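**Student:** what follows is a predicted protein model with its sequence.
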Amino acid sequence: MTTNYRIKSKKKIRDNKPLLTLIVSVVFIFLVFVLQNNFPQLSFRIFESSASTLWGFSDKLASISEDLRTTIWDKQKLEEENQALIRQIDELRGNLAELSILREENFYLKEMWGRRETFQSRLARVLSGPGNSLYDFLVIDLGREEGAVEGQRVFSSGGFVIGNVSEVFGKTSKVILFSSPGTITDASLERSGIALSLKGKGAGNFSVLVPKQEEVAEGDLVVLPGLSSKPMALVYGIDTSETDSFKELLLSLPVNIFELKWVEVEYEQ
């Protein structure tokens, strides 16, 4: 004899869930009613404890939320203040750089006006110097548009002639210094007027041979000859071991060519 069992479907079990929920709710309400009528103090304590716990948790959440909101606000405010300070620093740096340039230009202009020279000159900024180059040259911010031409003499701020304009471009020019290696420049010793042929040694230095009997001392001035002689270099050393008949003079420009920022370019009157 075969017995057939009916298999309960999952759908039927799911249909019973609302009924179970209703039963549990009724039992819970009944228990609360019984406790309220028979054990009012216990019921109040349970309610009070539950309410206190819930209120405490709510206050904690509110406090955390407020702290988080404050932190985010403070971070945004600090970021805005930081950006504002960065902008102010950049502006101050720009103002300081501009002020430094104006101070330098004012200083050199005053120096130039204080000199008693008959030639006209124009102030030029040094854009680049010798650097690591084997040759002493400068690039200045005066070019063809400002009237610069090849051959113009160039002076340091102290009035020493240091080179000539060798190449001219639209807005800039190249200046070869007399101290460039291998460059020969005719000059004369101011003390005696003896003619010299200075040989450039680089880095603002020169050398020249003179008769051993010629009176020369360290600090003597060498000038570029002409109708109005221009100071050119100073003697800083004398080497008497060259030959029996000659001694070598070591000379240098009175300025550091690696730190030149301004020069004057001579213009014809």
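**Tutor:** Received, thanks.
**Student:** okay, Gly219 and Ile194: tell me how far apart.
**Tutor:** According to Cβ to Cβ, to the nearest Å, Gly219 and Ile194 sit 16 Å apart. Just so you know, the C-beta spots here come from the backbone N, C-alpha and C atoms, and that holds for glycine as well.
**Student:** more crowded one of those two?
**Tutor:** With other Cβ atoms under 10 Å as the criterion, Gly219 and Ile194 differ in neighbour count, and Ile194 comes out ahead with 15 against 8.
**Student:** correct me if wrong: that one contacts Asp186.
**Tutor:** No - counting by Cβ atoms under 8 Å, Asp186 is not a contact partner of Ile194; they are 11.9 Å apart.
**Student:** shared neighbours of those two, anything?
**Tutor:** Counting by Cβ atoms under 8 Å, 6 or more residues apart in numbering, Ile194 and Asp186 have no contacts in common.
**Student:** contacting residues around Ile238?
**Tutor:** By Cβ under 8 Å, 6+ apart, Ile238 lies in contact with 216, 218, 247-250.
**Student:** run the last query once more with 10 Å
**Tutor:** Residues in contact with Ile238 (Cβ atoms under 10 Å, 6 or more residues apart in numbering) are 210, 212, 216-218, 220, 247-250.
**Student:** tell me the bridge partners for it.
**Tutor:** Listed beta-bridge partners, Ile238: Leu249 (assigned using DSSP bridges).
**Student:** measure it to Asp186 for me?
**Tutor:** Relative to Asp186, Ile238 is positioned 21 Å away (criterion: Cβ to Cβ).
**Student:** shaky segments in the stretch 101-250 of the chain?
**Tutor:** Along the stretch 101-250 of the chain, the model assigns pLDDT under 70 to residues 101-119, 132-133, 227-228, 242-243.
**Student:** can we see that at 50?
**Tutor:** For the stretch 101-250 of the chain, the stretches with pLDDT under 50 are 115-117.
**Student:** the residue nearest to Asp220 when sequence neighbours are not counted: what's it in contact with?
**Tutor:** With sequence-adjacent residues excluded and distances taken as Cβ to Cβ, 6 or more residues apart in numbering, Asp220 is closest to Val235, at 4.4 Å. For Val235, the contacting residues are 189, 191, 206, 208, 210, 216-222, 249-252, by Cβ under 10 Å, 6+ apart.
**Student:** pull out the buried residues from these.
**Tutor:** Buried members of those, counted by 16 or more other Cβ atoms under 10 Å: 189, 206, 208, 210, 216, 220-222, 249-252.
**Student:** restricted to strands, list the contacts of Ile238.
**Tutor:** Using DSSP state E, the subset of these located in strands is 210, 247-250.
**Student:** between those residues, which is closest to Gln88?
**Tutor:** Distances from Gln88 to the ones in strands among the contacts of Ile238, taken as Cβ to Cβ, are shortest for Leu250 (51.8 Å).
**Student:** these two touch, right, the closest one and Val208?
**Tutor:** Yes - between Leu250 and Val208 there is a contact under Cβ atoms under 10 Å: 8.8 Å.
**Student:** give the residues shared as contacts by these two.
**Tutor:** Contacts common to Leu250 and Val208, judged by Cβ under 10 Å, 6+ apart, are 233, 235.
**Student:** and Ala134, how close does it get to Gly200?
**Tutor:** Actually, residue 134 is Leu rather than Ala. Noted for Leu134: a distance of 11 Å to Gly200, by Cβ to Cβ.
**Student:** so between those two, which is more surrounded?
**Tutor:** Looking at Leu134 and Gly200 with other Cβ under 10 Å, you find the greater number of neighbours at Gly200, namely 22 against 9.
**Student:** so what's the more buried one up against?
**Tutor:** Contacts of Gly200 by Cβ under 10 Å, 6+ apart are 135-136, 163, 176-185, 206-207.
**Student:** and the residue lying closest to it once chain neighbours are set aside, what is it in contact with?
**Tutor:** Once flanking residues are discounted, Gly200 sits nearest to Thr183: 3.9 Å by Cβ to Cβ, 6+ apart. Shown in contact with Thr183 (Cβ under 10 Å, 6+ apart): 135-136, 163-164, 176-177, 198-202, 206.
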